[in-house]
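Visitor: Sequence below, structure please.
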Amino acid sequence: MNFDKLTFKDFENIPGIDLAERSKIFKAYLSYMGFDDFQSYRVVGKSGCNAEMSLESNFGDRFISYVSNDYLGFTQHPKVKASAIAGIEEYGTGAGASPLIGGFFNYHRLLERKIAAFFGRDEDCSVIYTTGYTANSASLQSLLQKEDLAIVDMAVHASVHEGCILTNKKTFLHNDLESLERILQNTMETYRTRMIVVDGVYSQDGDVAHLAEIVALAKRYGAYLMVDDAHGIGVLGRTGRGALEDLGLLSEVDFITGTFSKTFGAIGGYVICNSENAYFLKFQSRQQIFSATAGAATLGIVKAIELIDEEPQWKQRLNDNMFYFKQNLRTIGLDIGNTESAIIPLKLGDPVRTVDFNKQIFRQGIYANAILYPAVSKKDARIRMSLSALHTREQLDRTLEVLEDVA
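Guide: So this is what the prediction gives:
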């Protein structure tokens, strides 16, 4: 098999090749691409996620890291860690069952109330899941069936696409309001329920959805609207409520989804909606019925939610880092697109050049991710960098020095 023009997606299915042979060919492809001598993916970390990390590597031990979405550094916050430890000491390490049949504890109820209140909703207007991925995939599979239609931005997260496998789906061009409106016009009176699904902040380009216009279109054409703002919470908005906050739209969206694995420094996901839909998901979503829920380290998430308001300096530090780093990257001449968030793509285009660029900066102590097809289009490969409130000015300057040298 000629590996020259193949991508990861080509191995999802190879007609006539069974799973064992497909896996064998894929392993040979990884060797061909050089993943044996350069750990581009699945790098083994030897310290917690932080602005600087210790890694298993042939190129040194300490790296300035841009791979984590721990935007405010709460995975390392002493109060968050203390709350998680206290929860484990009181309740143990696991919940032992799904929330429907014995795995629902007072710390889960507290988290539901906290995250609902964070978005200005009543206490029964939230559902929590074990992962952010599941918050999208599980809720959409429950809410939309074969009589319904999901209308999704082509750049939404993979979890949204998985959530649409039981329903009809139409995609519109990324952030293209005319494309969205055309679908809304052409599908009137055709489906029982239509739901527009967008990200607040898009995970690869770091740009923001045109939310005011999308809300208006949803109302005009009688569609529901779901916004996954996993990458906006804690980063955008006057008080860190995300891409919807400054537009005054937090109460205008039918479903807000997100994750506890980024700004809140843990793992898990949530859906914010009205109480009727929340109860429907709690009793109808298969992942709520058949999947065990998170353990008592959940109390660390509760503290992280509180810290968004109690310690706004972390958001300010992140915003300062975002401004400084982007300004200097543009001065160097690197293309970072139209990012408005803590996600910064170095858009190099050619996948071979992108992998080589990533190898070179890694060897100089900069840990970032090469993003290739199918995560992005074949001609839009990039290095994806995520900023944190914990990055120091010295670390940013060292990174800029390396990037300029390699570029």
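
Visitor: ok, which stretches of the stretch 51-200 of the chain are helices?
Guide: With DSSP state H, counting those that start in this stretch as the criterion, the stretch 51-200 of the chain has helices at 78-91, 106-118, 132-143, 158-163, 177-186.

Visitor: quick one: Gln316 and Val235, what's the gap?
Guide: The gap separating Gln316 from Val235 is 11 Å, by Cβ to Cβ, to the nearest Å. No exception for glycine: its C-beta is placed from N, CA and C like everyone else's.

Visitor: same deal with Ser68?
Guide: The value you get for Ser68 to Val235, if Cβ to Cβ is used, is 13 Å.

Visitor: ok, back up a step: please identify which of Gln316 and Val235 sits among more neighbours.
Guide: Val235 (28 against 11; other Cβ atoms under 10 Å).

Visitor: phi, psi of that one?
Guide: The phi/psi pair for Val235 (degrees, to the nearest 10) reads phi -110, psi -50.

Visitor: Test my guess that it contacts Asn321.
Guide: No - using Cβ atoms under 8 Å, Val235 makes no contact with Asn321, being 10.9 Å away.

Visitor: Which one of the helices of the stretch 51-200 of the chain lies nearest to Gln360?
Guide: Among those, the nearest to Gln360 by Cβ to Cβ is helix 158-163 (28.7 Å).

Visitor: Next, the residue nearest the centre of the chain: phi, psi?
Guide: For the chain, the residue nearest the mean C-alpha position is Ala230 (5.1 Å; Cα atoms, centre = their mean). Main-chain dihedrals, Ala230, degrees, to the nearest 10: phi -60, psi -40.

Visitor: tell me the pLDDT at it?
Guide: For Ala230, the model assigns a pLDDT of 97.

Visitor: start the count at 23, not 1, going forward
Guide: Happy to do that; since the first residue is 23 now, the last one works out to Ala252.

Visitor: Thought Ile278 was touching it, still the case?
Guide: No - Ala252 lies out of contact with Ile278 (Cβ under 8 Å); the separation is 10.2 Å.

Visitor: where are the low-confidence patches of the stretch 273-422 of the chain?
Guide: Low-confidence segments of the stretch 273-422 of the chain (pLDDT under 70): none present.

Visitor: where do the strands sit along it?
Guide: Secondary structure of the stretch 273-422 of the chain (DSSP state E, counting those that start in this stretch): strands at 277-281, 291-294, 365-371, 388-389, 391-393, 403-408.

Visitor: Show residues contacting the fourth one.
Guide: Outside strand 388-389, the residues that touch it by Cβ atoms under 8 Å, 6 or more residues apart in numbering are Val65, Met75, Leu77, Phe85, Ile86, Ser87, Tyr88, Val89, Thr421, Val424, Leu425.

Visitor: Dump these into JSON lines; add distance to Gly95 as well.
Guide: Putting these into JSON lines (distance: Cβ to Cβ, whole Å) gives the following:
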{"residue": "Val65", "distance to Gly95": "20"}
{"residue": "Met75", "distance to Gly95": "13"}
{"residue": "Leu77", "distance to Gly95": "19"}
{"residue": "Phe85", "distance to Gly95": "17"}
{"residue": "Ile86", "distance to Gly95": "14"}
{"residue": "Ser87", "distance to Gly95": "12"}
{"residue": "Tyr88", "distance to Gly95": "13"}
{"residue": "Val89", "distance to Gly95": "14"}
{"residue": "Thr421", "distance to Gly95": "17"}
{"residue": "Val424", "distance to Gly95": "22"}
{"residue": "Leu425", "distance to Gly95": "22"}
